[in-house]
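> From the sequence below, what's the structure:
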Amino acid sequence: MSTSSPVTPTLAAELTRWRRDFHRHPELGFCEFRTAAIVAATLEKLGWQVAVGAEVMRAEARMEVPPAAEIAAARAEALRDGADPAWVARLGDGLTGVVASLDTGRPGPTVAFRVDLDALPVLENTEAAHLPVRENFTSTRPGRMHACGHDGHTAIGLGVASVLPALAKNWRGKIKLIFQPAEEGCRGAKSMVAAGVLADVDHYFATHLGISLNETGAVACGTDHILATTKLDATFRGVAAHAGVDPHVGRNALLAAATATVQLHAIARHGAGASRINVGRLEGGTGRNIIADHAVLKLEVRGETTPICAWMAVEAERVLRAAATMHGVEITVENMGEAGNAPCDPAARAVVRRAAEKSGASHIVEFSPLGGSEDATLMMDAVQARGGQATYLLVGTPLPAGHHHPRFDIDEAALPNAVALHAAIAEELLS
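This is a model prediction of the structure:
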């Protein structure tokens, strides 16, 4: 971090406090009531114009929305843990996105920074070597954990919100801070795009800690090897019967799903680029002596390009339906999440490079591989489609264990580095 960084020691300590508070209270996608309420209240106090809930999300465009009972339980949990009831009420039934705007009042471009809010269904490690254990900020919600750094991302967003109002007094244009729910599973961005959040954005920057950049002080101006993805749920419906008396009467939905599981992994890999498929969950049946009349299979496909991913999704659905036909059962296939493959624009990468140099980054690379999928690409696509520039940048941090691992953690020194970088990006474009 540069000696001229806008991040004071007091703000640096606040970044750590925010991050650790969010780490203690992880919330899954579309259930981030406490996190979103704290973010909204903090942004309002900092002087930003704040929009939440249905103002920034289209409910019907959400993907794999949790059951109503789960959302209600998350809302109650957030209120019990101190979330502001007024903000929680505005978040509706899982519309947990937050967008903050700062308009300089002078004509100019609109710059957007996007961070994500949600945690993962991971049981956090409890060994003394794990920093959150030593420092007493492990998850208070068993089976849920910030195992991908989104607690840090949210803290970075609030840090950026803290420093920009003072810096922007002589700038032109507008700044948007987008706090997106449900990134995990690529489920939340589509609803914010559908609500028009990106409609006026000229320059878009999505940010992630770590991934393949594992040096504090390092910055990657863009990412490559971003895989497009489609998440599918297949529900098989058969006919129950006594497995000993009249098995011939039954139609085994579980057997159909098992057949599909094996055959899905036999789909040929695409010759034009990398492709992936994985069945992550298979469940069904009620007892060993009953022909299973119900089964659910959860899978994903990925591709180096959006067309490759689309080809994999078509092939996967063909196999699923063929397995159902083979076993004489019915099937429903639902799209539960998706993301594309968006390039990181050279002009946006150049802005990040200049900002990284200005903010004192110790090491700057043009690209660092992502390797996975991200629905920030849907926002990038929306900006690029109207002639804007976008990139997905990385801020370096060592990782004691990989993303989505029970021992995942970050170097909190990366937080002020990231805030300084984002402030410098805004200055490059708006000053």
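> which stretches of this protein aren't confidently modelled?
Counting by pLDDT under 70, the ranges of the chain that qualify are 1-3.
> Nearest residue to the residue nearest to the spatial centre of the chain in space, ignoring adjacent ones along the chain?
Nearest residue to the geometric centre of the chain (C-alpha atoms, centre = their mean): E183, 2.0 Å. Of all residues beyond its chain neighbours, the one nearest E183 is D116 (3.9 Å), with distances taken as C-beta to C-beta, 6 or more residues apart in numbering. Any C-beta I mention is one placed from the backbone N, CA and C, and that applies to glycine too.
> next one: L43
Using C-beta to C-beta, 6+ apart and skipping the chain neighbours, the partner closest in space to L43 is A100 (4.3 Å).
> Tell me how far the one you found lies from A424.
Distance, A100 to A424, using C-beta to C-beta, to the nearest Å: 19 Å.
> still on that earlier bit, tell me the secondary structure for the residue nearest to L43?
Recorded secondary structure, A100: strand (DSSP: H, G, I helix; E, B strand; the rest coil).
> That one: neighbour count?
Each residue near A100 was counted by other C-beta atoms under 10 Å, and the total is 27.
> any idea how far it is from S162?
A100 sits 11 Å away from S162, going by C-beta to C-beta.
> what's the strand or helix carrying L232 packed up against?
Secondary structure from DSSP states H and E places L232 in strand 228-237. Judged by 3 or more C-beta pairs under 8 Å, 6 or more residues apart in numbering; DSSP states H and E, strand 228-237 is in contact with helix 253-264, strand 294-303, helix 306-327, strand 330-339.
> strands paired with it, and their directions?
strand 294-303 (antiparallel), strand 330-339 (antiparallel) (DSSP bridges).
> and those strands as CSV, adding mean neighbour count?
Output for the strands paired with strand 228-237, formatted as CSV (neighbours: other C-beta atoms under 10 Å):
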stretch, mean neighbour count
strand 294-303, 23
strand 330-339, 19
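> so which of these comes closest to G188?
Closest to G188 of those, according to C-beta to C-beta: strand 330-339, at 9.0 Å.
> How far off centre is that closest one?
Here strand 330-339 is found 19 Å from its chain centre; the criterion is C-alpha atoms, centre = their mean, to the nearest Å.
> Give me the contacts around that strand.
The set of residues external to strand 330-339 that reach it, using C-beta atoms under 8 Å, 6 or more residues apart in numbering, is 63-64, 185-187, 189-190, 228-238, 256, 298, 300, 317, 320-321, 323-324, 373-378.
> Verify the contact between the residue nearest to E183 and H153 for me.
Yes. D116 lies in contact with H153 (C-beta atoms under 8 Å); the separation is 5.6 Å.
> Could I get the full set of strands for the chain?
49-52, 98-103, 110-116, 174-180, 203-209, 218-224, 228-237, 275-284, 294-303, 330-339, 363-369, 389-395 (DSSP state E).
> Put together CSV for those strands, with distance to V352 on each row.
Shown next, in CSV, are the strands of the chain (distance: least, C-beta to C-beta, whole Å):
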stretch, distance to V352
strand 49-52, 26
strand 98-103, 20
strand 110-116, 12
strand 174-180, 16
strand 203-209, 7
strand 218-224, 4
strand 228-237, 23
strand 275-284, 28
strand 294-303, 26
strand 330-339, 21
strand 363-369, 8
strand 389-395, 5
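> P132: which of these is closest?
With C-beta to C-beta, the closest approach to P132 among these belongs to strand 203-209: 15.2 Å.
> Show me the strands paired with that closest one, marking each as parallel or antiparallel.
Here strand 203-209 is paired, per DSSP bridges, with strand 110-116 (parallel), strand 389-395 (parallel).
> ok, and which of those has the densest surroundings?
Comparing these by mean neighbour count (mean count of other C-beta atoms under 10 Å), strand 389-395 ranks first with a mean of 27.
> angle of that strand against strand 363-369?
110 degrees (axes from the mean of the first three to the mean of the last three C-alpha atoms, to 10 degrees).
> Using CSV, write out the CA atom coordinates for strand 389-395.
This file holds the C-alpha atoms of strand 389-395, laid out as CSV (Å, rounded to 0.1, in the frame of the first residue of the first chain):
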residue,chain,number,x,y,z
GLN,A,389,-15.4,-1.6,-20.5
ALA,A,390,-15.1,-4.3,-17.9
THR,A,391,-12.5,-6.5,-16.1
TYR,A,392,-12.3,-9.0,-13.3
LEU,A,393,-9.3,-8.2,-11.2
LEU,A,394,-7.6,-10.1,-8.4
VAL,A,395,-6.0,-8.7,-5.2
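> re earlier: and E14, which of the strands paired with strand 203-209 is closest to it?
Per C-beta to C-beta, nearest to E14 of those: strand 110-116, 16.0 Å.
> which other residues reach that closest one?
150, 153-154, 156-157, 160, 173-181, 183, 188, 198, 200-207, 376, 379, 383, 422, 425-426, 429-430.
> I'd like to know how far the residue nearest to I156 when sequence neighbours are not counted sits from I410.
Nearest residue to I156, sequence neighbours excluded (C-beta to C-beta, 6+ apart): A418, at 4.5 Å. As judged by C-beta to C-beta, A418 and I410 stand 10 Å apart.
> Looking only at neighbour counts, state which of the two leads.
Taking other C-beta under 10 Å, A418 and I410 do not tie; A418 has more neighbours (30 against 24).
> which residues touch that one?
152, 156, 159, 207, 209, 395.
> Spatially, which residue comes closest to G337, not counting chain neighbours?
The nearest residue in space to G337 (C-beta to C-beta, 6+ apart) is K231, at 3.6 Å.
> What degree of burial does that neighbour show, as a neighbour count?
By other C-beta under 10 Å, the residues close to K231 number 23.
> Tell me the bridge partners for it.
For K231, the beta-bridge partners under DSSP bridges are E300, G337.
> How about the contacts made by it?
The neighbourhood of K231, defined by C-beta under 8 Å, 6+ apart, consists of 63-64, 185-187, 298-300, 335-338.
> Likewise for I364?
So I364 contacts 218-221, 353, 356-357 (C-beta under 8 Å, 6+ apart).
> care to break this protein down by domain?
Structural domains annotated on the chain: 9-226+342-430, 228-339, as defined by automatic domain parsing.
> returning to that earlier point: for E44, find the nearest of the strands paired with strand 228-237.
strand 330-339 (30.6 Å).
> angle of the closest one against helix 253-264?
Here strand 330-339 runs at an angle of 50 degrees relative to helix 253-264 (the same axes, to 10 degrees).
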